[in-house]
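Trainee: Okay, structure incoming, though there's no sequence with it:
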Ligand code: NAP
């Protein structure tokens with residue numbers, strides 16, 4: 001049994017807290033407003049909520065940072081003086097190079113050996129601990145991005161926790177993670193927001209009656225928290241910008257084929273995409 005402290009008991013922190021309790025760990029939540037977190041005890045998400053972070057951190061074996069990536073630097077600087085030398089700290093942020101940079105900056109320029117950057121590839125468009133669910137990570141991939149500074153025993157500890165809740169763990173460099181996720185997560189998120197904006201800008205109330213499951217599926221992610229995604233877009237801006245530019249080139253090609261009435265070209269583009277989609281592994 002480990003003493004786990006979750007700071008940022010939202011969708012991801014809350015879901016992990018639920019699962020870690022289920023497998024026998026003791027979980028304490030810390031947040032900006034302890035009164036707001038109190039119902040999490042009744043909901044069975046955590047064992048305790050700490051008003052004062054210092055005593056909770058002083059006995060922690062593992063600390064999970066479940067906050068938006070833009071707030072990690074300040075948060076790490078705040079918790080650092082209270083962490084026991086043996087405590088392993090990990091995060092769940094959607095970008096990794098910025099997290100490595102920010103945590104190192106909070107610690108005088110060097111990444112702490114006990115910090116293991118992580119990112120579960122699982123979630124929903126909901127936020128807050130009330131939206132947390134058990135089993136969110138079962139069968140899902142969690143990426144850990146330890147650096148040369150990271151203690152391998154700390155990485156093994158964090159990997160074991162994720163495996164206990166049913167996830168499979170993959171190790172990547174922070175840069176490889178960010179390049180891949182720009183394409184598989186951050187770009188689709190931007191497309192959902194822009195599709196939804198284009199719909200709203202049409203200013204036609206009747207359109208809402210004319211939505212099918214395709215539009216709903218394509219825009220589901222637009223329901224996501226704007227602060228979290230602002231942070232992700234800024235934190236991974238080089239890779240996201242590249243992905244957006246490549247996508248705009250493809251849209252340009254598509255628009256040209258439509259303008260030219262080039263059915264052969266359209267069929268070729270759609271056929272290649274369909275074949276690639278069929279090669280995706282089953283969920
Ligand atoms: P969420 O439900 O909005 O939860 C965020 C939590 O962080 C809330 O408890 C919030 O507390 C707290 N928080 C926000 N700013 C803070 C600050 N400056 N200091 C301390 N606590 C702060 O968000 P989430 O979806 O769980 O996302 C959390 C992290 O997981 C993000 O880094 C995100 O990139 C990553 N992630 C998200 C998903 C997803 O699908 N949503 C998937 C994988 C990874 P308050 O209640 O006080 O605001």
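Mentor: Sure, I can see it. This structure is a prediction, so every number in the text was calculated from the model and none was measured.

Trainee: Whichever residue of the stretch 51-200 of the chain sits closest to the ligand: what secondary structure?
Mentor: Relative to the ligand, the nearest point of the stretch 51-200 of the chain is residue 123 (1.9 Å; CB to the nearest ligand atom). (Glycine included, C-beta is placed from N, CA and C.) For residue 123, the secondary structure call by DSSP: H, G, I helix; E, B strand; the rest coil comes out as coil.

Trainee: Run through who's touching the helix or strand hosting residue 55.
Mentor: Under the criterion of DSSP states H and E, residue 55 resides in helix 53-58. Applying CB atoms under 8 Å, 6 or more residues apart in numbering, the external contacts of helix 53-58 come out as 5, 7, 28, 30, 48, 50, 63, 78-79, 82-84, 87.

Trainee: I'd like the residues you listed written out as CSV, with distance to the ligand and secondary structure added.
Mentor: Written out in CSV, the entries for those read as follows (distance: CB to the nearest ligand atom, whole Å; DSSP: H, G, I helix; E, B strand; the rest coil):
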residue, distance to the ligand, secondary structure
5, 13, strand
7, 6, strand
28, 14, strand
30, 8, strand
48, 16, strand
50, 13, coil
63, 13, strand
78, 8, helix
79, 10, helix
82, 15, helix
83, 16, coil
84, 21, coil
87, 18, coil
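
Trainee: which two in those are spaced the farthest apart?
Mentor: When those are compared pair by pair using CB to CB, the two farthest from each other are 48 and 78, 19.5 Å apart.

Trainee: looking at this, residue 75 is in a helix?
Mentor: Yes - the assignment for residue 75 (three-state DSSP) places it in a helix.

Trainee: tell me the contacts of it?
Mentor: When contacts are counted by CB under 8 Å, 6+ apart, residue 75 is found next to 7-8, 65, 67.

Trainee: Neighbour count, secondary structure and pLDDT added to those, as JSON lines?
Mentor: As requested, these are exported to JSON lines (neighbours: other CB atoms under 10 Å; DSSP: H, G, I helix; E, B strand; the rest coil; pLDDT from 0 to 100):
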{"residue": "7", "neighbour count": "25", "secondary structure": "strand", "pLDDT": "98"}
{"residue": "8", "neighbour count": "24", "secondary structure": "coil", "pLDDT": "97"}
{"residue": "65", "neighbour count": "25", "secondary structure": "strand", "pLDDT": "98"}
{"residue": "67", "neighbour count": "23", "secondary structure": "coil", "pLDDT": "97"}
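
Trainee: check contacts around residue 123.
Mentor: Taking CB under 8 Å, 6+ apart as the definition of contact, the neighbours of residue 123 are 11-12, 136.

Trainee: Swap in 7 Å and give it another go.
Mentor: Residue 123 makes contacts with 11-12, as judged by CB atoms under 7 Å, 6 or more residues apart in numbering.

Trainee: Residue 233 belongs to a helix?
Mentor: Yes - when three-state DSSP is applied, residue 233 is found to be in a helix.

Trainee: Roughly how far does the residue nearest to it when sequence neighbours are not counted sit from the ligand?
Mentor: Once flanking residues are discounted, residue 233 sits nearest to residue 240: 5.8 Å by CB to CB, 6 or more residues apart in numbering. Distance check for residue 240 against the ligand: by CB to the nearest ligand atom, to the nearest Å, it reads 13 Å.

Trainee: Show me which residues of the host helix or strand of residue 240 are buried.
Mentor: For residue 240, the enclosing helix or strand under DSSP H and E is helix 237-259. Of all the residues in helix 237-259, those buried under the rule 16 or more other CB atoms under 10 Å are 239-240, 243-244, 257.
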